[in-house]
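Chemist: Here is my input, please return the structure:
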Amino acid sequence: QVQLVESGGGLVQTGGSLRLSCAASGRSFSSYAVGWFRQAPGKEREFVAHISWSGGTTYYADSVKGRFTISRDNAKNTVYLQMNSLKPEDTAVYYCAADPDLTTLSRLYDYWGQGTQVTVSS
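Modeler: Next comes the predicted model:
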């Protein structure tokens, strides 16, 4: 079992930055890949970024590439999402998820956090 808790969301102006954290508890978190997803009102949950268990492999959605950076600190059981140059269309609830396999498909992730709200004002 892995429990995930997101934090770091909030209200920011266009062009601003936020850093989201995904803190994990439970055994063997360092062996799990972690993905960030987001869901805006009235829209489906979409993939944002993911990182392999070692941190050696990362992948981003085109919509955030060059603006967002995913990283992890396995000693702290935490995965981060640094979000820069934020746009109003980034407004959503952001979720982290963990799975043994590295995938962009939300339906394949076993463990999910409760989400953290990010709001970007224009």
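
Chemist: going forward, measure contacts and count neighbours with C-alpha atoms only.
Modeler: Will do.

Chemist: Give me the most central residue, this structure.
Modeler: Trp36 (2.6 Å; CA atoms, centre = their mean).

Chemist: I'd like the secondary structure assignment at that one, please.
Modeler: Under the three-state scheme (DSSP: H, G, I helix; E, B strand; the rest coil), Trp36 adopts strand.

Chemist: Neighbours of the closest residue in space to it that isn't next to it in sequence, how many?
Modeler: Nearest residue to Trp36 in three dimensions, chain neighbours excluded: Cys96, at 4.5 Å (CA to CA, 6 or more residues apart in numbering). Cys96 has 30 neighbours, counted by other CA atoms under 10 Å.

Chemist: and what of Gly42?
Modeler: 6.

Chemist: For the residue nearest to Arg67 when sequence neighbours are not counted, which residues are in contact?
Modeler: Spatial nearest neighbour of Arg67, chain neighbours left out: Asn84 (5.2 Å); criterion: CA to CA, 6+ apart. Neighbour list for Asn84: 15-18, 67-68 [criterion: CA atoms under 8 Å, 6 or more residues apart in numbering].

Chemist: quick one: which of those residues is most hemmed in?
Modeler: Using other CA under 10 Å as the neighbour test, these are led by Phe68, with 20 neighbours.

Chemist: Tell me how many other residues crowd the residue lying closest to Ile51 once chain neighbours are set aside.
Modeler: Spatial nearest neighbour of Ile51, chain neighbours left out: Thr58 (4.5 Å); criterion: CA to CA, 6+ apart. Residues lying near Thr58 (other CA under 10 Å) number 18.
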